[in-house]
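Undergrad: Got a predicted model here, sequence first, then my questions.
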Amino acid sequence: MTFHISLIILLFGVGHSSFSNPMLLVEQQLFQYIDDHQDEFVQKLAEWVAVESDSLQPRLRAKVTEMIKTAAVSLRCLGADVTLNDTGIQQLPDGQNISLPPVILAKLGEDPLKPTVCFYGHVDVMPAKIQDGWKTPPFTLTEIDGNLYGRGATDNKGPVLAWINAVSTFKALNIDLPVNIKFLIEGMEEAQSIGLEGLLEKENQRFFSSVDYIVISDNTWLTTKKPALTYGTRGNACFSIEVEGGEKDLHSGGVGGIIHEPMSDLIALLDSLVNSSGHILIPGIYDDVAPLTEEEKQLYEPIEFDLKEYKTNIGVKKFLYDTKEEILLHLWRFPSLSIHGIEGAFYEPGIKTVIPSRVTGKFSIRQVPHMALSTVECQVKKYLEDVFSERKSPNKLTVTMQMGASPWVANIRDPQFEAAKKAIKKVFKQDPDMIRDGATIPIARMFQKITKKSVMMFPIGAVDDGEHSQKEKISRSNYINGTKVFASFLLEISKLHGELKLEASKLKIET
């Protein structure tokens, strides 16, 4: 006999005290089942980690497709209606064309009385080799001191499986899912989600038409112990500065001191971008930064952020700022500029007294709301052209914005944030930090822009999980409790959504 959550809501009334006990009983059953079957969930993660689904190396594209099909099988086992959607062809730098892996669109339930939650995740991973410095085989899940090490463990196979595990627990206990749930799972996230935007636009009026909430679990907490919900990320504008001199490289003994050297021009340009305090020197760059409201400022006060621990985690001795608030504001809330490298210069060990004829510097600006990419691009180009003009160099300057991704920010009053807070409180016994992410996660902005739906980032990994590193892991505790918190979230969003609909109905009757 199936235990219908939605029936309980109808019988007892949303918000009625009699409803809380049956819901608590269901939650306890779910949590107990998850605890009892955690070894099975870990084994499933081991099977997924074993697939070298590296989307950056074309030779492994078949492995990515294999991983997508494996995920599709897991979703079909839940009873979901699953389709594998073609997203076209990828052209490689050498001109070769290869097929993109299909994208999973899956749906489970179409009850108009229930809210519809769409989960996004990816099953591709970054490259990993044992010779890169891994202490354990990167594609063999290895448990050490309660941590599950392996490429993709936290980014993003672990969280994807935690969602699938949560839904499978309802199914195993014959408990009716309290929501309609949809899954979008891709295999090209680490390669800029090539082809996904077109699919979202195509499916916006079909697959996403009934979706109420979109949840992404593809980032981490701010600390190792305290859960977090993420409501914003910075954007990223990536630039190149090319300075071209003569037709060929020259010897410094033959022409050094009598020509305008491209490398000297480039170093001067790069040095003009940001000062030693991290302040960007491009005029007007801060003009469009959204003002900090008092409400937002208050969100920073309860955040647990250990400066000493964070220094240890990232391996530095000193920050540019001294207080928690200053550091978090400059990490999440203000733009930053980072210089990444120089192409065309001699970089091998030893000395080579060459004057390169053409060099390219690379830097990026992490922009924040309400900084427009087009405005940033104009400001950067004008500034660098002005600085270059002052040098009176005959060399040729070319400034290009190679890539741009806009920032994303959500409304923390959206119902799913409230539901997630309640679920976290039940599972982790504490309120979450409400955080932003200093990095860029284009998919959040993409979903928000195209679907116009509420988007929330709901991480279960800790800050030391080491995505992309040689120590990538997810703790067994976070993986299992993450499964619990997702299950609890489905109950909470169903209840809260029902309460909001009931209030809206009452208001409509009154008016």
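TA: Received the coordinates, thanks. Everything numeric in this text was worked out from a predicted model, so none of it was measured. Numbers count the residues shown, from 1 in each chain.

Undergrad: my guess is V387 meets S272, correct?
TA: Yes. Contact criterion Cβ atoms under 8 Å: V387 and S272 qualify, at 4.9 Å. To be clear about C-beta, it is placed using only N, CA and C from the backbone, and glycine gets the same treatment.

Undergrad: Have a look at this structure and report its longest helix.
TA: helix 476-510 (DSSP state H).

Undergrad: Which of the helices or strands spans M263?
TA: Here M263, judged by DSSP states H and E, is contained in helix 262-271.

Undergrad: what pLDDT, on average, does that helix get?
TA: If you average the pLDDT over helix 262-271, you get 98.

Undergrad: ok, back up a step: now the longest helix of the chain: buried residues?
TA: Neighbour-count burial for helix 476-510, counted by 16 or more other Cβ atoms under 10 Å, picks out 476, 478-498.

Undergrad: sorry, back to before: what's the first helix or strand after the helix holding M263?
TA: helix 294-300.

Undergrad: and that following helix, which residues are buried?
TA: Buried, per 16+ other Cβ under 10 Å, within helix 294-300: E296, L299, Y300.

Undergrad: All the helices of the stretch 251-400 of the chain, in order from the start?
TA: For the stretch 251-400 of the chain, the helices defined by DSSP state H, counting those that start in this stretch occupy 252-255, 262-271, 294-300, 307-314, 324-328, 373-391.

Undergrad: Would you reformat the ones you listed as a markdown table and include distance to L100?
TA: Putting those into a markdown table (distance: least, Cβ to Cβ, whole Å) gives the following:
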| stretch | distance to L100 |
| --- | --- |
| helix 252-255 | 47 |
| helix 262-271 | 36 |
| helix 294-300 | 39 |
| helix 307-314 | 34 |
| helix 324-328 | 37 |
| helix 373-391 | 25 |
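
Undergrad: quick one, which of the ones you listed is nearest to E348?
TA: For the helices of the stretch 251-400 of the chain, the distance to E348 is smallest for helix 262-271, at 15.8 Å, taking Cβ to Cβ.

Undergrad: Which neighbouring elements make contact with the closest one?
TA: The contact analysis (3 or more Cβ pairs under 8 Å, 6 or more residues apart in numbering; DSSP states H and E) places helix 262-271 against strand 236-244, strand 336-343, strand 358-366, helix 373-391.

Undergrad: so how far is the last one off the chain centroid?
TA: Between the centre of helix 373-391 and the centre of its chain there are 30 Å (Cα atoms, centre = their mean, to the nearest Å).

Undergrad: With the first one instead?
TA: Averaged C-alpha coordinates place strand 236-244 at 25 Å from its chain's average position (Cα atoms, centre = their mean).

Undergrad: ok and that strand relative to helix 373-391, angle-wise?
TA: Angle of strand 236-244 versus helix 373-391, following axes from the mean of the first three to the mean of the last three Cα atoms, to 10 degrees, is 30 degrees.

Undergrad: Mind exporting the C-alpha coordinates of strand 236-244 to CSV?
TA: The C-alpha coordinates for strand 236-244 follow below in CSV (Å, rounded to 0.1, in the frame of the first residue of the first chain):
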residue,chain,number,x,y,z
ASN,A,236,33.5,36.3,-15.2
ALA,A,237,34.9,38.4,-18.1
CYS,A,238,38.1,36.9,-19.5
PHE,A,239,40.4,39.1,-21.5
SER,A,240,43.5,38.8,-23.6
ILE,A,241,46.0,41.6,-24.3
GLU,A,242,48.2,41.0,-27.4
VAL,A,243,51.2,43.2,-28.1
GLU,A,244,52.8,42.6,-31.5
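
Undergrad: Adjacent strands (with direction) for that strand?
TA: Strand 236-244 pairs in its sheet with strand 358-366 (antiparallel), strand 396-405 (antiparallel), by DSSP bridges.

Undergrad: What would the first one look like as PDB? C-alpha coordinates only.
TA: Right, the one you point to is strand 358-366. The C-alpha trace of strand 358-366 is given here as PDB (Å, rounded to 0.1, in the frame of the first residue of the first chain):
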ATOM      1  CA  ARG A 358      54.400  38.800 -30.000                       C
ATOM      2  CA  VAL A 359      53.100  38.200 -26.500                       C
ATOM      3  CA  THR A 360      49.600  37.800 -25.100                       C
ATOM      4  CA  GLY A 361      48.600  38.500 -21.500                       C
ATOM      5  CA  LYS A 362      45.500  36.900 -19.900                       C
ATOM      6  CA  PHE A 363      43.400  38.200 -17.100                       C
ATOM      7  CA  SER A 364      39.800  38.100 -15.900                       C
ATOM      8  CA  ILE A 365      37.400  40.300 -14.000                       C
ATOM      9  CA  ARG A 366      34.900  38.600 -11.700                       C
END
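
Undergrad: what does that strand rub up against?
TA: For strand 358-366, contacts defined as Cβ atoms under 8 Å, 6 or more residues apart in numbering pick out 234-245, 262-263, 266, 269-270, 273, 280, 285, 335-345, 376, 380, 438-440.

Undergrad: With stretch 409-423 instead?
TA: Against stretch 409-423 from outside (Cβ under 8 Å, 6+ apart): 117, 213, 215, 229, 231-233, 299, 369, 431-432, 434, 436, 444, 448, 454-456, 458, 485-486, 488-489, 491-493, 495-497, 500.
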